[in-house]
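> Build the 3D model from these lines:
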Amino acid sequence: MNVLVVNAGSSSLKLRVLGEDNTVLADTTVERWSGEMGPLEDFLRGAPPVDAVGHRVVHGGSAFTTATAIDDDVRAQIDALIGLAPLHQPRALAGIDAARRLLPDVPQVACFDTAFHTTMPASATTYAVPASWRRKWDLRRYGFHGLSHAYASRRAAELAGMPGARVVSCHLGSGASLAAVANGRSVDTTMGFTPLAGLVMATRSGDVDPGLLVWLQRAGLTLDELEDGLEHHSGLAGLSDIGGDLRDVRQAAENGDQNAILALQVYVHRLRQGIAAMAASLGGIDVLVFTGGVGEHDAALRADTTAGLAFLGTGPSSTAVAVVVVAAREDVEIATQTRTLLKETS
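Numbers count the residues shown, from 1 in each chain. From the prediction side, this is the model:
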C-alpha cells in the first residue's frame, strides 16, 4: 500500500509517498504554502500512484482518540476545533480538501497529534480550575507532537534494546515538547490545552504565570495583543531580541551577546526541569531521546542538557540511562496508522 502523507504546517506543506516498507518513493516540501491546491496537484503528476492518503491533524479534541477515516462529518468536527489550534488546523483542512478533490476515490485518513496522549491518566490531564469551567468548555490537557513522540519513543526503545522502556521523548524544533512514555503509552507531556504551554520555544512563551497574563490585560494589553505576543514574539525571540532560530541565538551568544546567552540559559533550564518532571511521572527513566530539528542537530544543547541531569544517570560517564538521537519521522507514523486503520476496516 503506497501512502501519500500530507503534513500541513502553519506555513509549510510536506508531501511524501511511502511504499509498504516505508521507502520514500516521492518527496517535496513547499516552504511557503497558503493553502492552495496547486502544489499537491503538481506533486501528484510526478508521484507514483497512491492507495491511501494520511493527513497530520494537530488537534483532535476529545472526539478523536485514534486515526480516523475522513468523511464530511469528520471534516466538520475537525473544522470545529480550529479555535484550539488556529495556526495549524485551517492548513490541515486545506490539505484534506485538496486531497479529497484531487483523489476522490482514494481513502483519506486523519492522524491526530493529540491522540497519542489520550492514554494519560486523569491526574495528568485535569486542570485545577472550577469544575463548571471544565464541563462547559471541555478544559483539559491534550498534549501535542504525539505523532513525533510515538515514533521517536518506539524507535529509541528499539535502538537501546529495551522494549517496554520508560522513555522521555524530547521533540525540539520551532515548537517543542516533552513526553513521558511507559511501554509505548504516553503518561505525561508538557503541552496542554493548546500548543502554547510547556517548554520555551522559538517564538512561543511556554509556561507563564496565569496571574501575569491577567495583570497584563488589566495593564492595557488587548486579547489580540496578548495572543500575538505569546505566540509570535516570545520564546527565544523574546529572550534574545534576535529571532527564534536557535542557531542564530547560539552564534550571537558565542560572540558575547548577553541577551543571547541568557536565552540559551533559560531554554536549557526549562528543558532540564521538564525532563526531570517527566522522569518523575514515569517513576524513573531508562531512555532519553532527542528528536526534531534542534534535538537532532544541536549536539551542544544535548550535552548541556544531559550534564545538568547527572542525578538521573544521564552524565557522560553513566550508563544508567541510554541517550539516543532519532530522526523525526512523523511521516512513518502517519503511514503506519493509515495502513493499520484501512487493513482493520477492509
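> use CA for all of it now, contacts and neighbours both
OK.
> mind saving the C-alpha coords of stretch 325-345 as CSV?
The C-alpha trace of stretch 325-345 is given here as CSV (Å, rounded to 0.1, in the frame of the first residue of the first chain):
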residue,chain,number,x,y,z
VAL,A,325,19.1,10.7,18.9
VAL,A,326,16.3,9.8,16.4
ALA,A,327,15.4,11.5,13.2
ALA,A,328,11.9,12.9,13.3
ARG,A,329,9.7,10.7,11.1
GLU,A,330,6.1,11.8,11.6
ASP,A,331,5.6,10.5,8.0
VAL,A,332,6.3,6.9,9.0
GLU,A,333,3.9,7.1,12.0
ILE,A,334,1.2,8.6,9.8
ALA,A,335,1.6,6.0,7.1
THR,A,336,1.7,3.2,9.7
GLN,A,337,-1.5,4.4,11.4
THR,A,338,-3.2,4.9,8.0
ARG,A,339,-2.3,1.3,6.8
THR,A,340,-3.4,-0.2,10.1
LEU,A,341,-6.8,1.5,10.1
LEU,A,342,-7.6,0.6,6.5
LYS,A,343,-6.5,-3.0,6.9
GLU,A,344,-8.6,-3.3,10.1
THR,A,345,-11.7,-1.9,8.3
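> How about the residue nearest the centre of the chain: what's its closest non-neighbour residue?
Nearest to the mean C-alpha position of the chain, counting by Cα atoms, centre = their mean, stands His145 at 2.1 Å. Excluding its sequence neighbours, the residue lying closest to His145 (Cα to Cα, 6 or more residues apart in numbering) is Asp113, at 5.2 Å.
> Next up, the contacts around the one you found.
By Cα atoms under 8 Å, 6 or more residues apart in numbering, the contact list for Asp113 reads 56-60, 143-147.
> Hmm, the residue nearest to the centre of the chain is touching His171, no?
Yes: counting by Cα atoms under 8 Å, His171 is a contact partner of His145 at 7.4 Å.
> so what sits against both of those two?
Ser177.
> which helix in this structure runs the most residues?
Assignment by DSSP state H gives helix 258-282 as the longest helix of the chain.
> Over to the residue nearest to His145: give its phi and psi.
phi -60, psi -30 (degrees, to the nearest 10).
> so where's the stretch 51-200 of the chain uncertain?
Within the stretch 51-200 of the chain, no stretch falls below the threshold (pLDDT under 70).
> Pretty sure Val109 sits in a strand.
Yes: counting by DSSP: H, G, I helix; E, B strand; the rest coil, Val109 is part of a strand.
> For it, which non-adjacent residue is closest in space?
Ala69 (4.4 Å).
> can you check Pro107 too?
Using Cα to Cα, 6+ apart, the closest residue to Pro107 is Ala52 (5.1 Å).
> Val6 is in contact with that neighbour, correct?
No: look at Ala52 against Val6 with Cα under 8 Å: they stay out of range, at 10.8 Å.
> out of the two, which sits in the busier spot?
Between Ala52 and Val6, counted using other Cα atoms under 10 Å, Val6 has the larger neighbour count: 25 against 21.
> Show me where this structure has its helices.
Going by DSSP H, the chain shows helices at 38-46, 72-79, 89-102, 122-125, 131-137, 146-160, 210-218, 223-232, 235-240, 246-254, 258-282, 292-297, 299-307, 330-345.
> Give me the buried positions along the first one.
Put plainly, it is helix 38-46. Using 16 or more other Cα atoms under 10 Å as the test for burial, helix 38-46 gives 39-40, 43-44.
> Which of those residues sits closest to Asp188?
Leu40 (35.7 Å; Cα to Cα).
> hmm, back to that, from Glu225, how far out is the residue nearest to the centre of the chain?
From His145 over to Glu225 the distance is 26 Å, taken as Cα to Cα, to the nearest Å.
> and if you look at Val5?
35 Å.
> can you list contacts of stretch 3-21?
Contacts for stretch 3-21 (Cα under 8 Å, 6+ apart): 1-2, 24-34, 40, 43, 47-48, 50-56, 87-88, 91-92, 95, 331-332, 334-335, 338-339.
> rewinding a little: my read is that the residue nearest to Val109 contacts Pro107, right?
Yes: counting by Cα under 8 Å, Pro107 is a contact partner of Ala69 at 7.3 Å.
> Dump the helices of the chain into CSV; add distance to Ser10 as well.
Compiled in CSV, those are given as follows (distance: least, Cα to Cα, whole Å):
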stretch, distance to Ser10
helix 38-46, 16
helix 72-79, 15
helix 89-102, 6
helix 122-125, 25
helix 131-137, 25
helix 146-160, 16
helix 210-218, 25
helix 223-232, 12
helix 235-240, 17
helix 246-254, 19
helix 258-282, 23
helix 292-297, 16
helix 299-307, 26
helix 330-345, 16
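> How about the contacts made by the closest residue to Cys111 other than its chain neighbours?
Using Cα to Cα, 6+ apart and skipping the chain neighbours, the partner closest in space to Cys111 is Ala67 (4.6 Å). Listed by Cα under 8 Å, 6+ apart, the contact set of Ala67 reads 109-112, 115, 337-338, 341.
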